[in-house]
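>>> What follows is a protein structure lacking sequence information:
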DNA sequence: CGCCGTTCTGAACGATGGTTCCAAAAAGGT
DNA sequence: ACCTTTTTGGAACCATCGTTCAGAACGGCG
């Protein structure tokens, strides 16, 4: 009972995440959050606690959803594993503008000073590494990747490239160039018969 | 004439850069800078102007030195171009701790909100892309990379991987894994005869 | 030795940060 | 229609932010 909430919690969290994603943790004030959510500061505090708590929640949920999509990507026909990796590399996360993904931004900003953030980031990246390793192994079984190659290293190569492409995107490198790099990455780990060079 | 300065400007700039590198622009206060430099706030202001001016100077100088090392890397025997790329990938920039490079951190933090920072970052990354493209072309001439391959894309692959490796390093992925990825990256763009698989 | 120009320090300022609190408003239950 | 419960908006709070300023400290030079 009592007065019902006027706002949709999910929408508020999305707006908050967008703001943190754009201006970072230290770069966004509670006033900013109040502005983009339409809620007053008092309401924000009573609903979500202080700024740090709210940020940790947003970040945890983002990591969880990242874990989830990583796991989802490994499901599918083995002979299309490479295509799924290619698609992942070609479509950067928060892509329309140059906002980039919250995991990358947060790791860059806070991993050095905050042990908890660093630990959560590491876990998320390890999930990513593991899922890419599995995709590479699928491609190996499908005969598209050298079976003698180090699948963990090749999966890591894809993850690292993905992360790097996002950095380049955020710096303003044009999407066409990024896609050429993404395709070259997949091509470079593909066995010769399938290579689509230059 | 007049009272001489008590501090070494170069050392102060290094301390300031380290601090910005660790805690970012929004995350470091002028008090922090005062603490790590040993200078009072007043001295900092009279010597270097306000916080933003100081940061832009630090960042510009970092980008310039990054450009310079990128250019320096292309000099050398053509048949060792791949080795130079491998060495670059294997030794992350600010590596001892997980501090990472100022260019990556700044791009992640500020490129979205600051046009000038974005432009400088883009220029730095394009220099990096160009130098890696040239190294790949050297390796092509030396017969170590498929001459039919897209050298710009392969160079971009190396740059993206480098950037991604640093992100993984900052998240806490162990160095051994990172080196395996780095080596796999170079191996994957190398013509078969030289491959050192697994 | 004492003037002079510069640098240094620390206090002070207004603005903004994050956080708390309270009175008014808005339903739901009785 | 009243009372309870919860949300709401905004004022108030103190700490910290970036910045400025005035006077003390200092070395070179006459």
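The structure has been received and is ready for your questions. The model shown is predicted, which means the values in this text are computed figures rather than measured ones. Residues are numbered from 1 along each chain as shown, chains lettered A, B, ... in the order given.
>>> pLDDT weak spots in chain A?
Under the criterion pLDDT under 70, the flagged ranges of chain A are A:92-99, A:193-198.
>>> give me phi/psi at the spatially most central residue of it?
The centre of chain A sits closest to residue A:101, judged by C-alpha atoms, centre = their mean, with a distance of 4.9 Å. Per-residue torsions, residue A:101: phi -90, psi 150 (degrees, to the nearest 10).
>>> Repeat that for residue A:38.
Taking degrees, to the nearest 10 as the convention, residue A:38 sits at phi 80, psi 0.
>>> from what I can see it touches residue A:7, true?
Yes - Residue A:38 lies in contact with residue A:7 (C-beta atoms under 8 Å); the separation is 7.1 Å. Backbone N, C-alpha and C define where each C-beta goes, glycine included.
>>> circling back: right, and the residue nearest to the centre of chain A touches residue A:167 too?
No - taking contacts as C-beta under 8 Å, residue A:101 lies outside contact range of residue A:167: 10.6 Å.
>>> Residues that sit against both of those two, list them.
By C-beta atoms under 8 Å, 6 or more residues apart in numbering or on different chains, residue A:101 and residue A:167 have no common neighbours.
>>> Run the contact check for the longest helix anywhere in chain A versus chain B.
If you go by DSSP state H, chain A has its longest helix at helix A:115-141. Yes - residues of helix A:115-141 are located near chain B by C-beta under 8 Å from any C-beta of the partner chain, namely A:118, A:119, A:121, A:122, A:124, A:125, A:126, A:129.
>>> which one among these gets closest to residue B:150?
Comparing the residues of helix A:115-141 next to chain B against residue B:150 with C-beta to C-beta places residue A:129 closest, at 26.6 Å.
>>> Report the contact partners of that closest one.
Per C-beta under 8 Å, 6+ apart, neighbours of residue A:129: A:152, A:155, A:156, A:159, B:173, B:177.
>>> For chain A, what lies in contact range of DNA strand C?
Within chain A, the residues that sit near DNA strand C (C-beta under 7 Å from any atom of the strand) are A:1-4, A:28-31, A:41-42, A:45-46, A:50-52.
>>> Just give the number of residues close to residue A:9.
10 (other C-beta atoms under 10 Å in any protein chain shown).
>>> scratch that, residue A:85 is what I was asking about
The number of residues near residue A:85, taken as other C-beta under 10 Å, comes to 28.
>>> so which strand or helix has it?
Using DSSP states H and E, residue A:85 sits in helix A:81-90.
>>> Can you say which two of the contacts of residue A:129 are spatially most distant?
Checking the contacts of residue A:129 with C-beta to C-beta, the most distant pair is A:155 and B:173, at 12.3 Å.
>>> one step back: the residues of chain A next to DNA strand C in helices, which ones?
Short answer: the residues of chain A next to DNA strand C in helices (DSSP H) are A:30, A:31, A:41, A:42, A:45, A:46, A:51, A:52.
>>> Most neighbours out of those, which is it?
residue A:51 (17 neighbours).
>>> what does chain A have sitting close to DNA strand D?
So far as C-beta under 7 Å from any atom of the strand goes, chain A lies against DNA strand D at A:1-7, A:39-43, A:46-47.
>>> List only those of those flagged as buried.
A:39, A:43 (16 or more other C-beta atoms under 10 Å in any protein chain shown).
>>> I am finished for the moment; much appreciated.
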